[in-house]
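# Give me coordinates for this.
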Amino acid sequence: MASIPKAPLLMLLLFSLHFFTVISVEFLVGEEHGWALPSSKEGDQRYNEWASKHRFKVGDTIHFKYQKDSIMVVTEEEYNKCHSSHPILFSNNGDTIVSLDRPGLFFFISGVTGHCERGQKMIIKVLELPSPDSGAGHNSTDPSNNTTSNSSADSSSGVLEMAALTVGLFIVSLF
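Sure, this is the predicted structure:
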């Protein structure tokens with residue numbers, strides 16, 4: 001039986017790992033609290049504080065779970081007014097997933113009268129996915145790139161790479 005050279009297989013595996021680094025993540029808005037009117041002790045920044053703890057990228061989704069409420073995607077002006085007659089998106093089905101399909105700011109408010117004014121609103125900043133060759137020319141002095149995150153979702157691509165490498169090395173060792 002002819003032996004298959006291991007070096008080409010290992011190189012193919014390592015090059016294919018590049019495709020595992022771009023994944024999308026679904027974030028549950030408000031986590032266990034969901035999309036609900038914040039209590040007075042939580043303050044009116046509950047959802048913006050939640051959003052600031054995560055790093056959103058193009059392709060990610062945000063999942064709103066709510067009862068007797070609604071979600072509206074609006075313009076910045078409408079966000080500041082807490083009112084929209086013609087939202088970009090309106091949903092009141094209790095289980096809404098919004099795709100973050102572009103870089104930039106997304107503005108969300110509750111569609112129930114008075115809820116936005118009491119803090120049920122949120123701004124999400126979506127980062128552009130880096131191009132494959134942008135790592136070599138990355139300018140580390142750019143302050144807009146100093147985003148940190150406590151989200152375990154951010155480390156999931158590293159976990160996938162390590163799992164793929166482990167499986168690949170196991171397969172190569174069989175030859």
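# so S110 makes contact with I71?
Yes. Here S110 reaches I71: they are 6.9 Å apart, a contact under CB atoms under 8 Å. C-betas here are computed from N, CA, C, even on glycine.
# Which neighbours do these two have in common?
Common contact partners of S110 and I71 (CB atoms under 8 Å, 6 or more residues apart in numbering): W35.
# what about the strands in the protein?
26-28, 56-57, 61-65, 71-74, 89-91, 95-99, 104-110, 121-127 (DSSP state E).
# quick one: the helices in this protein?
6-16, 46-52, 76-81, 156-174 (DSSP state H).
# Which of the ones you listed comes out lowest on mean pLDDT?
Comparing mean pLDDT across these, the weakest is helix 156-174, with a mean of 56.
# hang on, the earlier thing: of the strands of the chain, flag the one that's most buried.
strand 71-74 (a mean of 22; mean count of other CB atoms under 10 Å).
# Can you add distance to A36 and mean pLDDT and give the strands of the chain back as CSV?
Converted to CSV, those look like this (distance: least, CB to CB, whole Å; pLDDT from 0 to 100):
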stretch, distance to A36, mean pLDDT
strand 26-28, 13, 93
strand 56-57, 21, 94
strand 61-65, 9, 96
strand 71-74, 11, 98
strand 89-91, 15, 97
strand 95-99, 14, 96
strand 104-110, 9, 97
strand 121-127, 12, 96
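# now those strands in CSV, with distance to R46?
Shown next, in CSV, are those (distance: least, CB to CB, whole Å):
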stretch, distance to R46
strand 26-28, 14
strand 56-57, 17
strand 61-65, 14
strand 71-74, 15
strand 89-91, 20
strand 95-99, 18
strand 104-110, 12
strand 121-127, 9
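# what's the closest of the ones you listed to W35?
Among the strands of the chain, the nearest to W35 by CB to CB is strand 61-65 (4.4 Å).
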